[in-house]
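Engineer: no sequence for this one, just the structure:
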């Protein structure tokens, strides 16, 4: 019989369509397609020069964990914080598990709590694509409960789904959403899921963009109250450190212990750990907040300038992240409708002829004609608006 890859590999792996990341399409130009922080990292001091690269890194990273929980505890303690930790036990390093970006934790949660070929997870499109990829790799069926057209959560439909199908073990929610850019309402939308007595499962909130929302919006302090809540965060967005691949998972101590038990022992390199520690000192967090505030201010200017361009319909997403989600119309008339054809042509011409790269998201539910645009520097935004107006005008003129 001999070696035969087609019969040796699992069928779900052979048919897997890999996650298509932004750099698969374009690698040069003004890159406003991956929601990176174009202002760069907020690290108050340089990398340690005498790191012991001949030694394995710390498998527990307690110093970084302590700094990060101090950061989130302090935010939840401010007056009028959207999510307050008053009356709750403070977060400790025992509530944290670190991964190579959030993607490692997304996968680890499935491996911990879903039996391959038997259990399911639930997602709410439009949403982050890695949930689908990881579920396929782990042979886990996906139940899809779309968001409402305004990108709010259909909590009632989720409750119906999980209470009628006990094989659903995980619910993945993005808040702020990707590509929606909208923060989910906790009390109205998420809290009812955490309080279900008829469902045995975990609610996971992916908060990659939470620092672009009002300060204190993170649900991370609530993991000491809700044992069935897991919160994912990252240093890739607000901290401007996508290149070091550090993801943070907040969970009840018992859940965190399970996640730490299955992770690879040296998953965070000594170089990544050193940068992460320096990026989360009080001085560096102050710098991060200053850059985030700059991005928020530029975001508001950018969305208004783009909406002033003929043929740009409206911002259909929220304003809680470092990007906006705009609809491109079929023409400049009052009767125009959202157009994937025009949006995709605009996306392609911007990238290939004008060195400005955004992200086409029109194939997702409720996103017809949509382009997702990352907020860049002031100069990048100015170039984007100029090119956007020019290219879209040329497209309409040629029709």
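Structural biologist: Happy to help now that I have it. From a predicted model like this one, the values you see are computed outputs, not experimental measurements.

Engineer: and stretch 131-145, end to end?
Structural biologist: 14 Å (CA to CA, to the nearest Å).

Engineer: from the chain's centre, how far out does it sit?
Structural biologist: 17 Å (CA atoms, centre = their mean, to the nearest Å).

Engineer: same check, this time on stretch 52-68
Structural biologist: That offset, for stretch 52-68, works out to 24 Å (CA atoms, centre = their mean).

Engineer: quick one: the helices in the stretch 201-350 of the chain, in order.
Structural biologist: 253-262, 270-279, 282-307, 340-354 (DSSP state H, counting those that start in this stretch).

Engineer: out of those, nearest to residue 362?
Structural biologist: With CB to CB as the criterion, residue 362 lies closest to helix 340-354 of the helices of the stretch 201-350 of the chain, at 4.1 Å. C-betas here are computed from N, CA, C, even on glycine.

Engineer: avg pLDDT for the closest one?
Structural biologist: The predicted model assigns helix 340-354 a mean pLDDT of 96.

Engineer: give me the contacts around the helix or strand following that helix.
Structural biologist: Note on helix 340-354: by DSSP states H and E, the next helix or strand toward the C-terminus is strand 356-357. For strand 356-357, contacts defined as CB atoms under 8 Å, 6 or more residues apart in numbering pick out 22, 25-26, 29-33, 350-351, 383-384, 387-388.

Engineer: widest-spaced pair of these?
Structural biologist: Between all members of those, the farthest pair (by CB to CB) comes out as 25 and 383, at 19.0 Å.

Engineer: circling back to that earlier point, and the buried ones among the contacts of strand 356-357, selectable in ChimeraX?
Structural biologist: Under the burial definition 16 or more other CB atoms under 10 Å, those of the contacts of strand 356-357 that qualify are selected in ChimeraX by:
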select :22,26,30,31,32,33,350,351,383,384,387,388
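
Engineer: of the contacts of strand 356-357, the lowest pLDDT goes to which?
Structural biologist: Lowest confidence among the contacts of strand 356-357: residue 22, with 66.

Engineer: what's the span of stretch 73-86 from first residue to last?
Structural biologist: End-to-end span of stretch 73-86 (CA to CA): 10 Å.

Engineer: renumber starting at 759 from here on
Structural biologist: With 759 as the first residue, the last one maps to stretch 831-844.

Engineer: in that stretch, what counts as buried?
Structural biologist: So stretch 831-844, judged by 16+ other CB under 10 Å, has buried residues 831-834, 839-843.

Engineer: and that stretch, how far from the chain's centre?
Structural biologist: 22 Å.

Engineer: any idea of the mean pLDDT in it?
Structural biologist: Mean predicted lDDT for stretch 831-844 stands at 81.

Engineer: ok, residues contacting it?
Structural biologist: Under CB under 8 Å, 6+ apart, the answer for stretch 831-844 is 848-849, 944, 971-980, 982.

Engineer: now do 6 Å
Structural biologist: The contact list for stretch 831-844, computed with CB atoms under 6 Å, 6 or more residues apart in numbering, reads 848-849, 972-975, 977, 979.

Engineer: could you do stretch 1136-1143 as well?
Structural biologist: 788, 1056, 1060, 1063, 1114.

Engineer: hmm, back to that, in JSON lines: the contacts of strand 1114-1115, plus secondary structure and distance to residue 1126.
Structural biologist: Output for the contacts of strand 1114-1115, formatted as JSON lines (DSSP: H, G, I helix; E, B strand; the rest coil; distance: CB to CB, whole Å):
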{"residue": "780", "secondary structure": "helix", "distance to residue 1126": "21"}
{"residue": "783", "secondary structure": "coil", "distance to residue 1126": "20"}
{"residue": "784", "secondary structure": "coil", "distance to residue 1126": "23"}
{"residue": "787", "secondary structure": "coil", "distance to residue 1126": "26"}
{"residue": "788", "secondary structure": "strand", "distance to residue 1126": "25"}
{"residue": "789", "secondary structure": "strand", "distance to residue 1126": "25"}
{"residue": "790", "secondary structure": "coil", "distance to residue 1126": "21"}
{"residue": "791", "secondary structure": "coil", "distance to residue 1126": "19"}
{"residue": "1108", "secondary structure": "helix", "distance to residue 1126": "19"}
{"residue": "1109", "secondary structure": "helix", "distance to residue 1126": "20"}
{"residue": "1141", "secondary structure": "helix", "distance to residue 1126": "27"}
{"residue": "1142", "secondary structure": "helix", "distance to residue 1126": "22"}
{"residue": "1145", "secondary structure": "helix", "distance to residue 1126": "23"}
{"residue": "1146", "secondary structure": "helix", "distance to residue 1126": "19"}
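
Engineer: for residue 1050, state which of the contacts of strand 1114-1115 is nearest.
Structural biologist: For the contacts of strand 1114-1115, the nearest to residue 1050 is residue 790 (16.9 Å; CB to CB).

Engineer: bridging residues for the residue nearest to that closest one when sequence neighbours are not counted?
Structural biologist: Nearest residue to residue 790, sequence neighbours excluded (CB to CB, 6 or more residues apart in numbering): residue 1132, at 4.1 Å. Beta-bridge pairing of residue 1132 under DSSP bridges involves residue 1081.

Engineer: now do the contacts for residue 1132.
Structural biologist: 790, 793, 1081.

Engineer: which pLDDT does the model give it?
Structural biologist: Residue 1132 is assigned 96 on the pLDDT scale.

Engineer: quick one: it from residue 1062, how far?
Structural biologist: 17 Å (CB to CB, to the nearest Å).
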